[in-house]
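>>> structure of the sequence below:
(one chain, ligands or ions: 1)
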Amino acid sequence: MSVLHNASKKTITGHAALRSALRDTQSYSSDLQGDADVRDYRQIPLEVDPPRHHLYRSALAPYFVKPAIEKHADIFRNNSERLIRDYFSGEPKEIVSELALPLVMHNLGAIYNRPQDVAEWISWGPDVWTAQSDKRDGSVLHRYIDAVYEQACMGKADDIYGEIAHLEIEGKRISPTEFRGIVGVLLAGGRDTVVKLLTGIMWHLAHTEDISRLRTGEISINSAIQEFLRFLTPLPAMNRTTTPESGAKVLPSDRYVSMSFISGNFDNNVFEEPFSIQLDRIRNPHLSFGFGPHTCLGNHIAEIEARIFLETLKDSNLNWKLQREEIRFHAAPFERVPDHFVSLIATLR
Ligand code: HEM
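Now for the predicted structure:
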């Protein structure tokens, strides 16, 4: 999910303060228009407050619960095995574009039952708003969503779009704009975030002996995934507004408040030595998926695909080093945390 944030004057930091603010949807509302340069509709359920938020959320939740995602585990495994094998064959390649992004998109193709769209999604790159060029633009995504909506309304869609187009909220079928809002976040939410997680896993394992510790069973896959999620914090912050925007007569320019998930993940009141990546960390209440009513709906997708990716690496006999490494790091105090993997190329040791 890559939301363009309107400048916020205030930032909520620290684990306890964040948890309390993220629960307090009255003071810190999600009723705001993100990405205003490329869209004029709300991402749903992300930019909707309770109680309406709850209606959307409960309608979508059945598609994202753990058992619904686990059903695709064999396909995720085949995708991981094939793409990791291909990645290490032939010429050295970029991890983001040649391994992480294709894997995430093939997995999503299985979950949404849209394998026919995978090549198109990959061609957009990790960020749907820069699918065509470096200039942010919504036309590629919106053209795609409008086309799939038409198919879904004609009853031709045996996939998640068919289900979403026919959802009813308070007895009323969802509108084309609501469809855009839901499908937009389902396509945007699970790309750059998971791509960053998988790329970060490859980056860390190239620099340490942790893959051997995973192979001997000294570290469990599950605790490793939670620690990768904490350290990498793929979505470092999201905005709230102190004045809900829908129907507001006056919108104060200082209404935005940033929720710094990353500050919660490095809070040394909660995490010992937060800047060291400890894959065997026992207690790991990270805030990488947020907290409260808007907690990430795709958390099981991210965790299961990362788990299977890491299991595939562990079960292989592959060991790699980085031939090229260009990373943009966050500003202080998080200067050791990658913000963006500009170029990362791994080759076998
Ligand atoms: C490592 C991967 C991911 C991370 C770090 C992540 C992070 C987050 C965070 C922090 C939020 C809360 C935003 C807020 O409070 O304003 C969120 C919400 C959401 N995420 Fe994710 N996400 C990930 C993967 C996914 C995937 C795979 C999907 C679906 C395909 C997804 C769909 C959503 C949706 C629909 C919401 C809105 C939930 C709501 O408002 O009730 N995310 N995500």
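
>>> for Glu325, list the residues it contacts.
Contacts for Glu325 (C-beta atoms under 8 Å, 6 or more residues apart in numbering) come out as Trp203, Ser343, Leu344, Ile345. Backbone N, C-alpha and C define where each C-beta goes, glycine included.

>>> tell me the spacing between it and the ligand.
Distance, Glu325 to the ligand, by C-beta to the nearest ligand atom, to the nearest Å: 21 Å.

>>> give me the pLDDT value at that residue.
As predicted, Glu325 sits at a pLDDT of 98.

>>> and if you look at the one 3 residues further on?
Arg328 carries a pLDDT value of 98.

>>> can you tell me the strand partners of the helix or strand hosting it and which way each runs?
Per DSSP states H and E: Arg328 is located in strand 320-329. Strand 320-329 has these partner strands in its sheet, going by DSSP bridges: strand 338-348 (antiparallel).

>>> list the buried residues for the partner strand?
For strand 338-348, a neighbour-count test (16 or more other C-beta atoms under 10 Å) marks Pro338, Asp339, Phe341, Leu344, Ile345, Ala346 as buried.

>>> ditto for stretch 229-248
In stretch 229-248, counting by 16+ other C-beta under 10 Å, buried: 229-241, 244.

>>> flag the shaky bits of this protein, pLDDT-wise.
Residues of the chain meeting the criterion pLDDT under 70: 1-6.

>>> may I have the strand holding Arg328 as CSV, with CA atoms only?
Extracted in CSV, the C-alpha atoms of strand 320-329 (Å, rounded to 0.1, in the frame of the first residue of the first chain):
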residue,chain,number,x,y,z
TRP,A,320,23.7,-16.4,-1.7
LYS,A,321,25.6,-13.1,-1.5
LEU,A,322,24.7,-9.7,-2.9
GLN,A,323,26.4,-8.7,-6.1
ARG,A,324,24.8,-5.3,-6.0
GLU,A,325,23.1,-3.4,-3.1
GLU,A,326,21.6,0.0,-3.3
ILE,A,327,19.2,0.8,-0.5
ARG,A,328,17.5,4.0,0.6
PHE,A,329,17.3,4.0,4.4
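
>>> quick one on the thing from earlier: dump the contacts of Glu325 to a markdown table, plus distance to Arg328.
Putting the contacts of Glu325 into a markdown table (distance: C-beta to C-beta, whole Å) gives the following:
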| residue | distance to Arg328 |
| --- | --- |
| Trp203 | 13 |
| Ser343 | 10 |
| Leu344 | 12 |
| Ile345 | 16 |
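
>>> strands along the chain, start to end?
Assigned by DSSP state E, the chain shows strands spanning 10-12, 168-169, 172-173, 237-241, 256-260, 320-329, 338-348.

>>> backbone dihedrals for the closest residue to Ile160 other than its chain neighbours, please?
Once flanking residues are discounted, Ile160 sits nearest to Tyr112: 4.2 Å by C-beta to C-beta, 6 or more residues apart in numbering. Backbone torsions of Tyr112, given as degrees, to the nearest 10, read phi -90, psi 0.

>>> state the distance from Tyr112 to Gly190.
From Tyr112 across to Gly190, the span is 10 Å (C-beta to C-beta, to the nearest Å).

>>> quick one: is stretch 54-68 near the ligand?
Yes: residues of stretch 54-68 are located near the ligand by C-beta under 6 Å from any ligand atom, namely Arg57.

>>> what does the stretch 51-200 of the chain put close to the ligand?
Looking at the ligand, the residues of the stretch 51-200 of the chain close enough under C-beta under 6 Å from any ligand atom are Arg57, Val185, Leu186, Gly189, Gly190, Thr193, Val194, Leu197.
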